[in-house]
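In: Sequence first, predicted coordinates after that:
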Amino acid sequence: MSEAGKAGLMAVDAALAAILAQAQPLPAETVSLTHSHGRYLAVDVAAPLDLPPFRASALDGFAVRHADTPGRLRIVGESAAGAPYGEPLGAGEAVLISTGAVVPDGADAVVPVEWVPDAGGETLLVPERVNDQNAIRAAGSDVRQGTVTLARGTRMSAVHIGTAAALGLGRLLCGRPPSVAVLATGSELRQPGDRLAPGQIYNSNAPMLASALATAGASVTLLAAAADTQTEHREAVALALEHDVMVSTGGVSVGGHDLVREVMAELGVHELFWRVAMKPGKPLSFGVRTQPDGRRTLVFGVPGNPVSALVCFELFVRPAVAALQGARDPGPHYAPGTLASSIRRDPGRDQLIRVRRAAGGALEPLRGQQSHQLAELAGADGLARIRAGADELAAGTVVDYLPLR
Ligand code: AMP
Ligand code: MG
């Protein structure tokens, strides 16, 4: 048995797998193209037409038969963008053409306007041989009709929206964003903007998690912080359980005021694991609440220390929110990163070290690595995952790097 297993901790990868196993995509809904940014496609999108839809000119010039060049040609008309020249091109003829305009039937090349600076009037002199198909974009040379162009599970960004628009798609079938309730717990918490009495601190986790959830595509409800009493916890957790996902922070450790898991259990949450072999973030709990009508809530109890809260969010909650929307690859999206200095491994737990990328790209651990040092985390570029082990990882070792921006 591993060190982590002995201590009753869930391994990080096993915890993620357990969460994703519960995060089946929510039903899809139709979304207008203009509102689809950040949404996940629920189906493969096949091109309903060729792109370009017709043979188009790649530049301004003259559509010709290449076999007629070099030579003097008769200008018989114009094909402008959106206003094609209606007839087939005959031998010895040329048609003035603009970029993106239909190349007339019979033409097999476009002579760039730069080649024929004094073209005007009725004829033009093409000084050189032009190649067959010169400056012609074949129909379907970008996309062939019927080809899957945007795959199911793609998260729509500007370029995907542009592609869907080019294909004429005004509406898309996308995964429904989960509604997520954020609940901070702790009698010491005050809202930013309020005055602090002795012993109080500001609630940083709730707004932080709400903003992180918004970037993950969730529809967020921020609940008022609950004091460390059974009554306030019960009320707040009951409200939070009306959502597809609830994320609480604080109150999941072993202190006498840590009531969250107990109240969750009372309200029907079936806990699937508590405590993960990681640092920070060890006290994370995860469960599911199923209502009599079958509606389910994924329930995350993330620790109260702000760095732990954000690390748990990035490793577990963000992937779950993506999976609920039907993401093809819910993450976390680690990239390889090289350690700038050596790091001692922890025998029992994976460490998520706050790092900055140095000039050459190597990962430099920040000085403040304690789980309350949120301001220090704010200066980090990302997290380096140092897997549990007995030895020290030398400078130059390649590890999993999770960018935070
Ligand atoms: P807990 O997990 O409730 O024992 O909290 C651990 C530490 O995190 C304590 O120092 C709390 O004051 C702090 N903490 C808990 N919740 C928050 C929060 N929402 N914002 C900032 N700090 C918090
Ligand atoms: Mg607390």
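Out: Now that the structure is in, tell me what you want to look at. Ligands and ions are numbered 1, 2, ... in the order given.
In: okay, CA-based contacts and neighbour counts for the rest of this
Out: Noted.
In: The closest residue to ligand 2 within the stretch 101-250 of the chain: how many residues sit nearby?
Out: Nearest to ligand 2, among the residues of the stretch 101-250 of the chain, is residue 186, at 4.3 Å (Cα to the ion). By other Cα atoms under 10 Å, the residues close to residue 186 number 22.
In: again, but for the one 4 residues further on
Out: Residue 190 is flanked by 18 other residues according to other Cα under 10 Å.
In: wait, it sits on residue 198?
Out: No - contact criterion Cα atoms under 8 Å: residue 190 and residue 198 do not qualify, at 11.4 Å.
In: The residue of the stretch 1-150 of the chain found nearest ligand 2 and residue 387, how far apart?
Out: In the stretch 1-150 of the chain, the residue found nearest to ligand 2 is residue 9; the distance is 21.0 Å by Cα to the ion. Between residue 9 and residue 387 the distance, using Cα to Cα, to the nearest Å, works out to 14 Å.
In: Tell me, what's the model's pLDDT at residue 81?
Out: pLDDT for residue 81: 97.
In: ok, and the closest non-adjacent residue to it?
Out: By the measure of Cα to Cα, 6 or more residues apart in numbering, the closest residue to residue 81 outside its immediate chain neighbours is residue 101, 4.1 Å from it.
In: Torsion angles phi and psi at that neighbour?
Out: phi -80, psi 160 (degrees, to the nearest 10).
In: what's it in contact with, if anything?
Out: Residues in contact with residue 101 (Cα atoms under 8 Å, 6 or more residues apart in numbering) are 56, 57, 79, 80, 81, 82, 83, 84.
In: make it 10 Å
Out: Taking Cα atoms under 10 Å, 6 or more residues apart in numbering, we find residue 101 in contact with 54-60, 78-85.
In: Mind listing the residues bridging to the most centrally placed residue in the chain?
Out: Per Cα atoms, centre = their mean, the C-alpha nearest to the average position across the chain is that of residue 155, at 5.7 Å. Beta-bridge partners for residue 155, by DSSP bridges, are residue 40.
In: What is the burial count for the residue of the stretch 1-150 of the chain closest to ligand 2?
Out: Other residues close to residue 9 by other Cα under 10 Å number 21.
In: what sits against it?
Out: So residue 9 contacts 2-3, 15, 273-278, 282-283, 348-349 (Cα under 10 Å, 6+ apart).
In: Please tabulate those residues in TSV, including the columns pLDDT.
Out: Formatted as TSV, the contacts of residue 9 follow (pLDDT from 0 to 100):
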residue	pLDDT
2	60
3	58
15	98
273	98
274	98
275	98
276	98
277	98
278	98
282	98
283	98
348	97
349	98
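In: which among those gets closest to residue 27?
Out: Nearest to residue 27 among the contacts of residue 9: residue 15, at 24.7 Å, using Cα to Cα.
In: residues touching that closest one, list them.
Out: 9, 21, 272-277, 284-286, 315-316 are the contacts of residue 15 under Cα under 10 Å, 6+ apart.
In: That one: what secondary structure?
Out: Under the three-state scheme (DSSP: H, G, I helix; E, B strand; the rest coil), residue 15 adopts helix.
In: Residue numbers of the stretch 51-200 of the chain in contact with ligand 1?
Out: Residues of the stretch 51-200 of the chain lying close to ligand 1 (Cα under 6 Å from any ligand atom) are 184, 185, 186.
In: Any idea what the second one is bridged to?
Out: Beta-bridge pairing of residue 185 under DSSP bridges involves residue 226.
In: will you turn the residues of the stretch 51-200 of the chain next to ligand 1 into TSV that also has pLDDT?
Out: Supplementary listing: those in TSV, determined by pLDDT from 0 to 100:
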residue	pLDDT
184	98
185	98
186	98
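In: Tell me the one of those nearest residue 327?
Out: residue 184 (27.5 Å).
In: quick one: that closest one from residue 373, how far?
Out: 18 Å.
In: swap in residue 15?
Out: For residue 15 relative to residue 373 (Cα to Cα), the value is 25 Å.
In: swap in residue 83?
Out: Going from residue 83 to residue 373 by Cα to Cα gives 64 Å.
In: In terms of packing, which of the two has more residues around it?
Out: Between residue 83 and residue 373, residue 373 has the larger neighbour count (other Cα under 10 Å), namely 14 against 10.
In: separation between residue 260 and ligand 1?
Out: As defined by Cα to the nearest ligand atom, to the nearest Å, residue 260 lies at a distance of 9 Å from ligand 1.
In: Which residue, neighbours along the chain excluded, lies closest to that residue?
Out: residue 251 (5.3 Å).
In: Next, give phi and psi for that neighbour.
Out: Dihedral angles for residue 251 - degrees, to the nearest 10 - are phi 70, psi 20.
In: Might one say that it is in contact with residue 283?
Out: Yes - using Cα atoms under 10 Å, residue 251 is in contact with residue 283, at 9.2 Å.
In: which residues are common contacts for those two?
Out: 301, 302, 303, 304.
In: most surrounded residue in those residues?
Out: residue 302 leads those on contacts (other Cα under 10 Å) with 32 neighbours.
In: which ones are touching it?
Out: Contacts of residue 302 (Cα under 10 Å, 6+ apart): 184, 205, 247-253, 260, 275, 281-286, 308-313, 316-317.
In: Contacting ligand 2 as well, which ones from the residues you listed?
Out: Contacts with ligand 2 within these, as defined by Cα under 5 Å from the ion: 250, 251.
In: Keep only those of the contacts of residue 302 that are in helices.
Out: 205, 260, 308, 309, 310, 311, 312 (DSSP state H).
In: Nearest to ligand 2 among the residues you listed?
Out: residue 260 (9.1 Å).
In: how about the helices in the stretch 101-250 of the chain?
Out: 158-166, 205-215, 230-240 (DSSP state H, counting those that start in this stretch).
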